[in-house]
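Asks: this one's sequence-less:
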């Protein structure tokens, strides 16, 4: 008995293994040959027809069926098997034939065969529909068709800068149409290597809102490190190629960009003339020397933008005005007919523009010596409307003609490119004021922000960071960053607090710690107490998830945290100078500012997108903006109007203000005034310059200066 039981068990196991093997083989066959599914379905239908035909033939043979079958002209007496199969097939394909059967045995057979037909055809219809839908979805998601465009723009990758970049490309193409350098709409290809449904939905929303009127935006899916992907989007025929850095990968973004660059070189033809082919702009900082040819590398300046805009409220609006295509921008113009004129005459020779410097042999010279002469190959930097001042002012051309016979070697002029004595004696002063910065949130770029703050804040200043990320993890990231760059913090001390930025309890605890720290820092020899600045960042954990949903969620949490922080600061009566929130959607930032005037906002991703669009159109602007955003060169400052008022009178016009700023070694480019209701109005390159200003001591002057 035991042996028989063992044999039965063994036989059952063999049958189970055989069944599993058959199922596996069918699964493999369906995976490798999807059409087999239809073959199997056809075989099932054929077997069902055979079984139905056998049932009809059997009841007719037994004499249980008389007369015609279902009224289709086939009689039950002397029924042959082929006719029986045809009767079963008729019952399956027609939904009403089985209702015409009058005898009970025939009705039973007809109902069973009809149900089999209903199930079979339902499965077949569903399979065909699912197959067609799956195929169409795959074609739609991968956008597999080959691009047949030319002179288009290819954008590889996606990040938070994409939407502002598209808006600026649309505006730029609009100016090109006005200048008759282009016509029609500009084709833009978005190439991504991952699911980008949220990005495509955001782009479609912009198109539906009419914000991209001059662009035709298309999407393709492919490997950004494969030359075939770029060949599929006709990269070799594109006018510009933009490679966006991945926001989530940090230093891995450089490696990814390097792979994309090699694939692009392979597609375009790296062995040919490096000056031929499309212009390429890559959002990284390490590939400029490796790129060569027409490759421009854009450094991620988000940390610099955040620090500078957080320390100077209103500066982000100035940057935005200077980077958009619809207002005054930095234009670079070559005027060979003005060669030999000193910078002082050039500076006051453009009545509707602000002359802010010269580009000589690739070097950017902001506000050079007044006696510096314009040489052949030099370019003037003008702040004016886009594509304006293509011709030199007639009065300057006439002045050049009058001075052709004059002595060009006056001893009072310094050598070209060198500052005069006044500029040489003037050294850049570092702010010695004690400051305290509270940063709410954590992400991998905070060490860069700390390094940037260290360049501006006075010795003994402190930075307190409140975030949920463990302190050990933060210190590890900071140590790795400082070790890679070789730059340690010299002036500031960093304090870490662990807490939830959305919790009132944790926020109050952080404010109390900062308040005690401010009291402990004491006052400077001049009697000033440390100034408290607050920056609310999009936390790393808030930005997790898909691009679109993470952006909205992060902005909502940043705004809630900012409002909570403002309320706690008011309750604890801790004085603060600025409270800045970092948002991605500028619309939400404007709503926040409108409801709470004490809270400012910075859309750093938008500013970075504007910067990238500037470099896309004019690669030389990369050097200009890199210096403007550097702590060791000329920068844009917002200074009190009272600084430019003498004991006798205040500047009555912007021309007077320009002259007064020039005496202080600065370039005045605009002003900020307070309107009724407390709203501030930012004006860059006011025209005409002779109009009365009516500024007060509470207003600010926008200048380019070293101090």
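Replies: Structure's in. What do you need? Predicted, not measured: the structure shown is a model, and the values here were computed from it.
Asks: make it CA atoms for all contacts and neighbour counts henceforth
Replies: Noted.
Asks: Assign a three-state SS to residue 190, would you?
Replies: For residue 190, the reduced secondary structure class is strand; criterion used: DSSP: H, G, I helix; E, B strand; the rest coil.
Asks: Run a quick neighbour tally on it.
Replies: By the measure other Cα atoms under 10 Å, the count of residues near residue 190 is 21.
Asks: Distance-wise, check it relative to residue 166.
Replies: Summarising the geometry, the distance separating residue 190 from residue 166, computed by Cα to Cα, to the nearest Å, is 10 Å.
Asks: Just want the phi and psi numbers for residue 630.
Replies: Summarising the backbone geometry of residue 630 under the convention degrees, to the nearest 10, its torsions are phi -90, psi 140.
Asks: State the number of residues packed around it.
Replies: The criterion is other Cα under 10 Å. On that basis, residue 630 has 16 neighbouring residues.
Asks: hang on, the earlier thing: please enumerate the shared neighbours of residue 190 and residue 166.
Replies: Contact criterion Cα atoms under 8 Å, 6 or more residues apart in numbering; no residue bridges residue 190 and residue 166 by contacting each.
Asks: What's the first helix or strand after whichever helix or strand residue 497 is part of?
Replies: Under the criterion DSSP states H and E, the helix or strand holding residue 497 is strand 492-498. Of the helices and strands lying after strand 492-498 in sequence (DSSP H and E), the nearest is helix 504-521.
Asks: and that following helix, what does it pack onto?
Replies: If contacts are counted by 3 or more Cα pairs under 8 Å, 6 or more residues apart in numbering; DSSP states H and E, helix 504-521 sits against helix 547-572.
Asks: Sheet partners, orientation included, of the helix or strand following the helix it packs on?
Replies: Tracing the chain past helix 547-572, the next element assigned as helix or strand by DSSP H and E is strand 578-582. With DSSP bridges as the test, strand 578-582 is paired with strand 531-536 (parallel), strand 600-602 (parallel).
Asks: The following helix or strand past strand 578-582 vs strand 578-582, what angle?
Replies: Tracing the chain C-terminally past strand 578-582 and defining elements by DSSP H and E, one meets helix 586-595 next. Counting by axes from the mean of the first three to the mean of the last three Cα atoms, to 10 degrees, helix 586-595 points 150 degrees away from the direction of strand 578-582.
Asks: Tell me the gap between helix 586-595 and the middle of its chain.
Replies: Helix 586-595 has its C-alpha centroid displaced from the chain centroid by 20 Å (Cα atoms, centre = their mean, to the nearest Å).
Asks: Tell me which other helices or strands it touches.
Replies: So helix 586-595, by 3+ Cα pairs under 8 Å, 6+ apart, packs with strand 600-602.
Asks: lowest-confidence helix or strand of the protein?
Replies: Within the chain, no helix or strand scores below helix 421-425, which has a mean of 34 by mean pLDDT, DSSP states H and E.
Asks: What's the first helix or strand after it?
Replies: Stepping forward along the backbone from helix 421-425, the first helix or strand reached (DSSP H and E) is strand 435-440.
Asks: Report the inter-axis angle for that following strand versus helix 547-572.
Replies: Going by the same axes, to 10 degrees, strand 435-440 makes 130 degrees with helix 547-572.
Asks: Please tell me how far residue 38 sits from residue 52.
Replies: Distance check for residue 38 against residue 52: by Cα to Cα, it reads 21 Å.
Asks: and these two? which has more neighbours close in?
Replies: Using other Cα under 10 Å, the more surrounded residue of residue 38 and residue 52 is residue 52, with 26 against 14.
Asks: which element follows the helix or strand harbouring that one toward the C-terminus?
Replies: Under the criterion DSSP H and E, the helix or strand holding residue 52 is helix 36-61. For helix 36-61, the following helix or strand on the C-terminal side (DSSP H and E) is strand 68-69.
Asks: Sheet partners, orientation included, of that next one?
Replies: In its sheet, strand 68-69 lies beside strand 74-75 (antiparallel), with partners assigned from DSSP bridges.
Asks: Helix or strand next in line after the partner strand, which one?
Replies: Stepping forward along the backbone from strand 74-75, the first helix or strand reached (DSSP H and E) is helix 81-93.
Asks: Quick one: work out the angle between that following helix and helix 36-61.
Replies: Counting by the same axes, to 10 degrees, helix 81-93 lies at 120 degrees to helix 36-61.
Asks: Give me the helices and strands touching helix 81-93, please.
Replies: The helices and strands touching helix 81-93, judged by 3+ Cα pairs under 8 Å, 6+ apart, are helix 36-61, helix 104-142.
Asks: Mind jotting down where the strands sit in the stretch 251-400 of the chain?
Replies: With DSSP state E, counting those that start in this stretch as the criterion, the stretch 251-400 of the chain has strands at 279-282, 295-297, 328-333, 354-360, 363-366, 379-385.
Asks: Any idea how far the fourth one is from the middle of the chain?
Replies: For strand 354-360, the separation from the chain centroid amounts to 30 Å (computed by Cα atoms, centre = their mean).
Asks: So in that sheet, which strands flank that strand, and in what orientation?
Replies: Its sheet considered, strand 354-360 pairs with strand 363-366 (antiparallel), strand 379-385 (antiparallel) by DSSP bridges.
Asks: what about residue 131, distance to residue 119?
Replies: Here residue 131 is placed at a distance of 18 Å from residue 119 (Cα to Cα).
Asks: circling back: nearest approach to residue 150 belongs to which of the strands paired with strand 354-360?
Replies: Residue 150 lies closest, by Cα to Cα, to one member of those: strand 379-385, at 29.5 Å.
Asks: Pull the residues that contact the closest one.
Replies: Counting contacts by Cα under 8 Å, 6+ apart, the residues outside strand 379-385 that touch it are 326-335, 352-360, 669, 685.
Asks: ok, of the residues you listed, which come out buried?
Replies: Buried residues within those, defined by neighbour count using 16 or more other Cα atoms under 10 Å: 328-335, 352-360, 669, 685.
Asks: picking up where we left off before, specify the stretch among the strands of the stretch 251-400 of the chain that is closest to residue 694.
Replies: Evaluated over the strands of the stretch 251-400 of the chain, closeness to residue 694 peaks at strand 354-360, with 20.1 Å, by Cα to Cα.
Asks: which residues sit in contact with the most centrally placed residue in the chain?
Replies: Nearest residue to the geometric centre of the chain (Cα atoms, centre = their mean): residue 161, 2.0 Å. With contacts defined as Cα under 8 Å, 6+ apart, the neighbours of residue 161 are 605-606, 608-610.
Asks: Just the pLDDT at it, thanks.
Replies: At residue 161 the predicted local distance difference test score is 81.
Asks: Would you quantify the distance from the nearest residue to it once chain neighbours are set aside to residue 167?
Replies: Once its chain neighbours are removed from consideration, residue 161 has its nearest residue in residue 609; the separation is 4.3 Å (Cα to Cα, 6 or more residues apart in numbering). If you measure residue 609 against residue 167 using Cα to Cα, the figure is 9 Å.
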